[in-house]
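>>> Structure, please.
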Amino acid sequence: MSTVLIGYGSIEGQTRKICQRVAQKVEALGHRTVLVDTTERSEKEEWPNPDAVIIGAPIHEHHYPAAVRRYIKAHSEAMSKPPGMFLSVSLAVMSDEEDDKTALQHLASSFLESVGWQPADIHQIAGALKYTEYNFFKRFIMKQILRAAGGPTDTHQDYEFTDWEALEKNVEDFVRTRLEPSAAA
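Alright, predicted model coming up:
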């Protein structure tokens, strides 16, 4: 039985929810998990020496959370040893524009290069639109952006766009190919 460290930084809660679901899937596949909220951890904490690492981080205003950046930088050398997966969470994943998809890939690649971690797998995951939790200004801005993009504009409800089935398949593929090499053959 392998141990998988699943770290995340969450701003509105969707990335936390995604990583909790990832942990459930990894455990259902017969492995242990260590779930780490990078906003509540010190970079100086001892590294648990997992057999694999999965990190989830949302993009807000073209940046990943500083806590995730600090956590990865502090552990980048140790993180480079086991296989890794990075989950980049953003609403921009839903865009049909090729420029948007290229920008997301570039943002993730640049971030990972800047923190010194090169995971084996990088996945772009759609997040959630939480109108009911936004203040007036953010709700107004998000509504304008979504209106221009042809997205939902009813600010009286929230919208979850995460493709749970695709996420679980990506996690299962990662576990089977990276932790169970004989299953990949």
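>>> Around S114, count how many other residues there are.
12 (other Cβ atoms under 10 Å). To be clear about C-beta, it is placed using only N, CA and C from the backbone, and glycine gets the same treatment.
>>> ok, now which ones touch the residue nearest to R16 when sequence neighbours are not counted?
Nearest residue to R16, sequence neighbours excluded (Cβ to Cβ, 6 or more residues apart in numbering): S10, at 3.9 Å. Listed by Cβ atoms under 8 Å, 6 or more residues apart in numbering, the contact set of S10 reads R16, K17, C19, D37, T39, G56, P58, P65.
>>> tell me the secondary structure for S10?
Counting by DSSP: H, G, I helix; E, B strand; the rest coil, the backbone at S10 sits in coil.
>>> need the helices for this structure, in chain order.
14-28, 66-79, 98-115, 136-149, 164-178, 181-184 (DSSP state H).
>>> what's the closest of these to N49?
helix 66-79 (7.5 Å; Cβ to Cβ).
>>> Residue nearest the middle of this protein, spatially speaking?
In the chain, the residue lying closest to the centroid (Cα atoms, centre = their mean) is G56, at 2.5 Å.
>>> so the closest residue in space to Q20 that isn't next to it in sequence bridges to which residues?
In space, Q20 comes closest to L35 once its chain neighbours are excluded; the distance is 7.0 Å by Cβ to Cβ, 6+ apart. On DSSP bridges, the residues paired with L35 through beta bridges are I6.
>>> show me the contacts for L35.
I6, G7, Y8, C19, Q20, A23.
>>> remind me which residues of this protein are low pLDDT?
For the chain, the stretches flagged by pLDDT under 70 are 41-45, 181-185.
>>> domain ranges for it?
Here the domain assignment for the chain is 3-127+162-184, 130-161, based on automatic domain parsing.
>>> hey, which of those domains is tucked in deepest?
Stretch with highest mean neighbour count among the domains of the chain: domain 3-127+162-184 (a mean of 18; mean count of other Cβ atoms under 10 Å).
>>> Quick one: residues in contact with stretch 104-115.
Residues outside stretch 104-115 that contact it (Cβ under 8 Å, 6+ apart) are 57, 59, 62, 64, 69, 72-73, 76, 86, 88, 90, 92-93, 118-119, 122, 124.
>>> separation between the residue nearest to S90 when sequence neighbours are not counted and E160?
Nearest residue to S90 in three dimensions, chain neighbours excluded: I59, at 4.1 Å (Cβ to Cβ, 6+ apart). For I59, the distance to E160 (Cβ to Cβ, to the nearest Å) stands at 17 Å.
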